[in-house]
Structures are given as C-alpha cells and as structure tokens.
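J.: no sequence on this one, just coordinates:
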C-alpha cells in the first residue's frame, strides 16, 4: 500500500512565520521545552492534512493566541505519497485545501462534505493512499469513513485520555463516530485492504436494500391504485387485452365501412358551418401562439448561450485565482512598503508615496492584495458561478416549459386539423338518416371500449415494468447478500490471522517495555487486555496506547496493509510515564522497524527526553528564546 511522508512544514502569517527543517524517512525528533511550540508543530501538520484543530477555532474558549490573532495566515505542507510529491495549502479560518503537484496543476477541495461539496480533500488523500472511501450505515443514518477517522490511530496526541486508544474525534456526530462499530471498522480498514472491499459491499448492500424496499413499495402502491380504479391486475393478462383490442378494432373498422355505405346525402347546415369556422379560428390562434413560443425560445437560447460563455470565462478566472493563491511567494513579491527597484522594505510615512508625494492611502493600497483578499475574490467569483448556474437552470427550465407548451399547441393543432378533416370528409353523416345516427352511436361506444382497453394495456405495461424493477432489485440484493456472506467466511480467517499477528507484535512490545506486564493482547473489540484484565497503574496507559500505534506501524512495514506507514507522536512524556519506560518505548521505534521499507515517525518531545543514541534523529530544538513561531517584527 502507499506511504505518507511529511517533507516540510511551513506557517506564514502577517505577524508570524515558521519553516521546519527537511524531515526525512524514518524517525524525526522535534525537541523543546514546554511552551516552545512542540504541540503547535503537530497541530500544524494535522491542520494541513484537513484535521479539525480545536485551538485554531476562534469560536472555542481556549485558542492559540498567536495563530488565531494572526492575519492572512496559512499552513503549507510539503508531502510525498510514495514517489509523488505535493504541496497542501490551507488558510486559517477557511475550509478549503489547495493541492499542487510538481507540474503546476492546482486543485481545490473542501474539508467538510456537503451537498454542494460531495468530493472533498479526504477523498483525494485516501485515493492517493489506495484506501477505499467506505460508506457506513448505522441505523437510519449513514456517513463515509474519512481520513480524519483513520487519523485517530495515526496521531498519538496528548489531549486524548491516555486510557483511551483512539484519538478524540471532534465532530457533530461524535456519538456515532466514536461508537464501537465505527472504531472496529477503522481498525479493520487499516489492517487489511480486503476489509475495504467488505465494508464497501456492506454499504452497497444497504443501498440495494433501500432500493429494493422502495421498488416493492411502488409496486404494491400501484396495485392498490389500479384496484381503486376498478382493475384487478391479478385477473388481467396482456394477451387477453391484446386479443380484445384486436377484436374491437376490427369491429370498429366494419362499422365505419358500413356507415360509409349508408351515406346518401350531403347535408348543408348553418350550425355545421359555424363549427367549421370556429375550428379554423382556433387553428389561427394556435398558430399565432405557436409562433410567439418559437420566437421566445430563440431569445432564451441566445441568453442561455451567453450565460454559458460567461460561466466559462469566470471558471477560467477562478482557475487562475487558485494558482495565484497557491503561489504565495508571487503574491507577496510587492507591497505598499516595497521599493519596486531593489525590492527592499521602505519606511513610508502614512498618506505619502515612497517618493514622498501626498497620496490617498486607500487608492494607494488598492493595487496590492493579501491572500485573504484573493480568497474573498475567489469566493466572489465562485458565488458568481453559482448565480450564473441559477440563470442557466432558469433558462433551461424556461426552454423546457416552452417546449412543453409548443408540444401542447402542436397536439391541439393536429387534433383540430384531424377533426376538420373528419368533418369535411364525413359531413354527410349529419343527415337525418336514423340508420347513420345509430351507426355513429355504435362507433362512439366501440371507440370508448377501445379507449378503456388501451388504458388497461398502459396500466399493465407500467405494472409489468414495476414488477420487473422490484424483481431485479430483489435479485441484486440477494446476489450481493450471498457474495457478502461468502466473503465474511474468508474474512473471518483473514481477521484471525491479522489479530494473531497483531497480538504477537503487541505482546512482545508491551512485555519488553514494562517490567510488570507478562501478557498483552486485544479482545474481540480490538481493545487491549493486560495480564488477563489485571488492574494496572495509570502510567501503563501510555505504553499500552503507544505500543498499539507502533504495532500498526510495524505491521504496515512488515506486510502489505493500508496503514500509511506514518506516525505522529506528540509529547508522550507529559502523560504520566516514567523516563525508563518511555526510553524503552522510544527505542522500539527504531529497533522494531525495518530500514529497507520507507516509513516516517515524527516525535515531538522534551529536550533529551529520549535515549541518547537517538540524538542523530533530532531535526530541530526549540527553546524559550527560539520558539517555533518567529515574530516577523523581531526578525
């Protein structure tokens, strides 16, 4: 499976900046004193990967003062997934991530899923990591497993309660996201790609079940509706209806031929003349209305094309703006306080140009835009696209309405013309001949019978179609149910094998880490059981959780499982573990992983809070004097 690696972390704002050293495969240590920015480093990575970071939410009571107080700020992550490199750019207080590749392509994705954003950043990232997006059903509710769900077993944070294995899940549906079923799905997705197929099929099965039930409901309701109309569909067959129709049409033909033979006299009637004049007048009105419809339709087509051209132009502008936003270095090339010749910063007196001339400050600055202003422009352009879409849809609806009206007029015109032709052809039937009048009555009765038979035929066609749809959905559901049942039996063997491997690795790590632990396994819910359920002191919660994550990492390195071979560990010494046990835990990171497989572990910890042989893995040291966020004014 694919592996995720963070190559560099950057933060850029109006007041603060930060650029990390290059991060390498294997172990990377960021050490520092409390308050120097270790957790901020982990949070920047999480935020850049589309994870909700509570302290960056200005609506929370406790926030990160420097970052939330900064302006025009964003996080830029340089990452690689296998051999492909990308840049992820996410502005603070904005739920869009811009993804750039090495050849200059820029795409933007929403962080959170909605009706207007069905494809989000998580979908892009999971597809690159070769992990299928799985739809989970729980009762009447459904949602998709996203990267933030899997991230709960990738990011070892210090905010979550140590005795809990999974990182806290901060969503509006946390009671669902933190349920036992969802946690088991997360674990299974990370230890075997076969489980992705299984859970995807389960999602399809639930979808088919709803479609089957809907088709069944439509089928049953149609039978009831037909019964209310007086049709017993269980006693009507298509063959019977077709035979009756054929017989009735033959009888109608005989009556019409016989009536023709009975026509003797032409009958000139003032009343008939008035009817003919009325019908011809109606045709004139219909032709006039039809002409108006066609003229209106041509105007709407022109307007529709103009809106499509305008939308295309704005989309090109939006694409250009996305590239501008992604290339921040170009945005900040010039500013109101920059000399255009040497590009050095100039101390400029307010309401004066750099040359000394008096200017209007607002007019002076209007040629320089910040990233936030470009984002506002982008939103405005995107909103314009939405407005144009409304206009396009309105035009299309109007064209459809005009089409329906035109069709209605055409049908009315054709009916009147047919009526006129019938009257002009058979005008002699309106004589006083009683025999002709009797034949007309019989013809009307026969036509009424044919009309009813036609209606029966239409009802039977719809009935047959609904029955076929219901049968098809039922068969599809049964076929998939049998497939899932068969797959479950094979997955049972796979999960037993994977759990056995997990328990072997986990038991070895735990027993070698803590002196008073002689057995460590996970139960049927994939939760750790230490010494067959014996109570242990709180300090064992750290290695219990720490080794759980490390076991998943080791399994991904030793075998082909979807876990992305990336582990982010934030300040484990703050969670109550003694230094000796912590050193043992950290030593396992290197000693229990292979060097011939690409993986990455990023560890933030206190200064020298690690085995001394790890000194070579230290990428950056943070102190009170040299904190993570650098003040631009101090620089």
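T.: Done, it's in. Computed from a predicted structure; not experimentally measured. Numbers count the residues shown, from 1 in each chain.

J.: which residues in the stretch 451-600 of the chain form helices?
T.: 541-558, 579-591 (DSSP state H, counting those that start in this stretch).

J.: And those helices, which one averages the lowest pLDDT?
T.: Of all the helices of the stretch 451-600 of the chain, the minimum mean pLDDT falls on helix 579-591 (a mean of 69).

J.: Let's test this: mean pLDDT of the helix or strand just after that one, rounded?
T.: Note on helix 579-591: by DSSP states H and E, the next helix or strand toward the C-terminus is strand 600-605. Mean pLDDT, computed over strand 600-605, is 91.

J.: partners of strand 600-605 in the sheet?
T.: Next to strand 600-605 in the sheet, as set by DSSP bridges, lie strand 26-32 (parallel), strand 566-570 (parallel).

J.: Can you list the buried residues in stretch 241-249?
T.: For stretch 241-249, burial by neighbour count (16 or more other C-beta atoms under 10 Å) applies to 241, 244, 245, 248. Where you see a C-beta, it was placed from the backbone N, CA and C, and this is true even at glycine.

J.: what about it, distance to the chain center?
T.: 54 Å (C-alpha atoms, centre = their mean, to the nearest Å).

J.: likewise stretch 249-258?
T.: Stretch 249-258 sits 63 Å away from the centroid of its parent chain (C-alpha atoms, centre = their mean).

J.: which residues are contacting it?
T.: With contact meaning C-beta atoms under 8 Å, 6 or more residues apart in numbering, stretch 249-258 is reached by 439, 442, 443, 446, 447, 450.

J.: how about it: buried residues?
T.: For stretch 249-258, using 16+ other C-beta under 10 Å, the buried residues are 252, 255.

J.: Let me know the average pLDDT across that stretch.
T.: Mean pLDDT, stretch 249-258: 77.

J.: Tell me how this protein divides into domains.
T.: Domains of the chain are assigned by automatic domain parsing as 4-191+514-631, 265-432.

J.: Which of the ones you listed sits closest to residue 507?
T.: Nearest to residue 507, of all these, is domain 4-191+514-631, at 4.9 Å by C-beta to C-beta.

J.: ends of the closest one, how far apart?
T.: 31 Å (C-alpha to C-alpha, to the nearest Å).

J.: to the chain's geometric centre, what's the distance from that domain?
T.: Counting by C-alpha atoms, centre = their mean, domain 4-191+514-631 is centred 22 Å from the centre of its parent chain.

J.: can you put the buried residues of stretch 241-249 in a markdown table and add distance to residue 609 and secondary structure?
T.: Listed next are those as a markdown table, based on distance: C-beta to C-beta, whole Å; DSSP: H, G, I helix; E, B strand; the rest coil:
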| residue | distance to residue 609 | secondary structure |
| --- | --- | --- |
| 241 | 86 | helix |
| 244 | 92 | helix |
| 245 | 90 | helix |
| 248 | 95 | helix |
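
J.: Nearest to residue 528 among those residues?
T.: Proximity of these to residue 528 (C-beta to C-beta) peaks at residue 241, which lies at 69.5 Å.

J.: For stretch 209-222, list every residue counted as buried.
T.: For stretch 209-222, the neighbour count (16+ other C-beta under 10 Å) marks 211, 212, 215, 216, 219, 222 as buried.

J.: could the residues you listed be laid out in a markdown table, adding pLDDT and distance to residue 34?
T.: Shown next, in a markdown table, are the buried residues of stretch 209-222 (pLDDT from 0 to 100; distance: C-beta to C-beta, whole Å):
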| residue | pLDDT | distance to residue 34 |
| --- | --- | --- |
| 211 | 84 | 56 |
| 212 | 87 | 59 |
| 215 | 86 | 62 |
| 216 | 86 | 63 |
| 219 | 80 | 67 |
| 222 | 78 | 70 |
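
J.: Can you add distance to residue 232 and mean neighbour count and give the domains of the chain back as a markdown table?
T.: A markdown table is the format used below for the domains of the chain (distance: least, C-beta to C-beta, whole Å; neighbours: other C-beta atoms under 10 Å):
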| stretch | distance to residue 232 | mean neighbour count |
| --- | --- | --- |
| domain 4-191+514-631 | 36 | 18 |
| domain 265-432 | 32 | 13 |
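
J.: In TSV, list those domains along with distance to residue 474.
T.: Formatted as TSV, the domains of the chain follow (distance: least, C-beta to C-beta, whole Å):
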stretch	distance to residue 474
domain 4-191+514-631	19
domain 265-432	35
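
J.: most neighbours, which of the contacts of stretch 249-258?
T.: Using other C-beta atoms under 10 Å as the neighbour criterion, residue 439 leads those with 20 neighbours.

J.: re the thing from before, so which of the strands paired with strand 600-605 is nearest residue 323?
T.: Using C-beta to C-beta as the measure, strand 566-570 is the one of the strands paired with strand 600-605 that comes nearest residue 323, at 28.4 Å.

J.: what does the closest one rub up against?
T.: 3-6, 38-39, 42, 45-46, 154-158, 546, 549-550, 553, 599-605.

J.: In terms of mean pLDDT, which of the domains of the chain ranks lowest?
T.: When these are compared by mean pLDDT, domain 265-432 comes last with a mean of 73.

J.: how far is that one from where the chain is centred?
T.: In terms of C-alpha atoms, centre = their mean, the centre of domain 265-432 is set 28 Å apart from its chain centre.

J.: ok, which stretches of the stretch 101-250 of the chain are strands?
T.: Here the stretch 101-250 of the chain has its strands, by DSSP state E, counting those that start in this stretch, at 106-110, 135-138, 141-144, 155-156.

J.: Redo those as TSV? Include distance to residue 182.
T.: Formatted as TSV, those follow (distance: least, C-beta to C-beta, whole Å):
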stretch	distance to residue 182
strand 106-110	22
strand 135-138	7
strand 141-144	9
strand 155-156	17
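
J.: just so I know, which of these lies nearest residue 62?
T.: With respect to residue 62, and counting by C-beta to C-beta, the nearest of the strands of the stretch 101-250 of the chain is strand 155-156 at 19.3 Å.

J.: what are the pairing partners of the closest one, and which direction each?
T.: Note on strand 155-156: by DSSP bridges, its sheet partners are strand 566-570 (parallel).

J.: so residue 401 sits in a helix?
T.: Yes: under DSSP: H, G, I helix; E, B strand; the rest coil, residue 401 falls within a helix.

J.: quick revisit: would a markdown table of the strands paired with strand 600-605 with distance to residue 120 be doable?
T.: Output for the strands paired with strand 600-605, formatted as a markdown table (distance: least, C-beta to C-beta, whole Å):
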| stretch | distance to residue 120 |
| --- | --- |
| strand 26-32 | 28 |
| strand 566-570 | 20 |
